[in-house]
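J.: here you go, sequence then predicted model.
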Amino acid sequence: MIFRTKREIRFFARPAWLVILAGLVCAVCYIDYLLIYPKISIDIQIFICATLANTLAICNIAVHFVGFHEKLFAKIKITNDKIIWRCILKKKHTMAIQDCRFISVELEDSFNKLDYPFIYFTTSWYPKEYAHKINKLKNTDQFIKFWYTEELAEYLITHLPKEKTGGLQYYHNMHTRKKQRKKS
C-alpha cells in the first residue's frame, strides 16, 4: 500500500511553494531582461540590485528545495516484505521488514513550539543525540522516516507484528485519546 504525506501539505503547500518560487524567478527574469535590453542605459546601482536579486532567488530556491522537498513529494510503499521510500530527485531507499527492528514515532521540535511527529523504521536503536531532531537524520537503507499520518499508523499496527510497532501503538493510542477529549 502506498502512503503520501499529509493531504494539507500536498494540496496547499505544494502550489503555494511553486507560486512563490515561480513569482520570484519571473521577477528576477524581468529584471535581467531590463538589463539586457539595449535601449536602457545600465547604472551600476541597477546592475548591483539585479545581481543581488539573482543571488537571492537562487539561494531561496535552494533553501526551499532542501527544506520542503521531502515533505512535499515523498511517498512510502509498504509491501508484504519491504518498506520502500521514494521522493522525486532523491535516491530510493528499501528496507526488508524482517530486518526492521523498530517502528516508532519521534517528534521534531520546531521554531513555533509545535511538535511534528514522524514515523521511523530502523534496523538498530534510534540515536539518543537526535532526540527531537529527527529532521537532521537522512533516510538510508537502515533508517527511514516519514510524516505521521493516521492511515499509515493504523495500517502498520494492523499488518505488522506487535513486537516491532510498540512505540507506534503507544503514540497512536495517546493521539487518539487526545482527539476524543477535544471532541467531547
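T.: Good, I have the coordinates.

J.: at the geometric centre of this structure, which residue sits there?
T.: The chain has K71 as the residue nearest its centroid, 2.2 Å off, counting by C-alpha atoms, centre = their mean.

J.: which parts of stretch 54-63 are buried?
T.: N54, A57 (16 or more other C-beta atoms under 10 Å). Glycine gets a C-beta too; all of them are placed from N, C-alpha and C.

J.: tell me where this protein has helices.
T.: 7-8, 14-36, 44-73, 150-159, 166-183 (DSSP state H).

J.: give the other helices and strands that the longest one contacts.
T.: To tie it back to what came earlier, the one meant is helix 44-73. Counting contacts by 3 or more C-beta pairs under 8 Å, 6 or more residues apart in numbering; DSSP states H and E, helix 44-73 is packed against helix 14-36.

J.: hang on, the earlier thing: of the helices of the chain, which is nearest C100?
T.: helix 150-159 (10.5 Å; C-beta to C-beta).

J.: mean confidence for that closest one?
T.: Over the span of helix 150-159, the pLDDT mean works out to 90.

J.: figure out how far that helix is from the centre of its chain.
T.: 20 Å (C-alpha atoms, centre = their mean, to the nearest Å).

J.: among the helices of the chain, which comes closest to I134?
T.: Nearest to I134, of the helices of the chain and by C-beta to C-beta, is helix 44-73 at 11.6 Å.

J.: chain center to that closest one: distance?
T.: 19 Å.

J.: taking the mean pLDDT, what do you get for it?
T.: pLDDT averaged over helix 44-73 gives 73.

J.: can you list the low-confidence ranges for this protein?
T.: Low-confidence segments of the chain (pLDDT under 70): 7-18, 20-21, 32, 34-46, 64-67, 110-115.

J.: rerun that using 90 as the cut-off
T.: Across the chain, the stretches falling below the confidence threshold (pLDDT under 90) are 1-74, 80, 87-90, 100-118, 124-139, 147-150, 159-184.

J.: hmm, back to that, do you know how far the residue nearest to the centre of the chain is from E151?
T.: For K71, the distance to E151 equals 17 Å [C-beta to C-beta, to the nearest Å].
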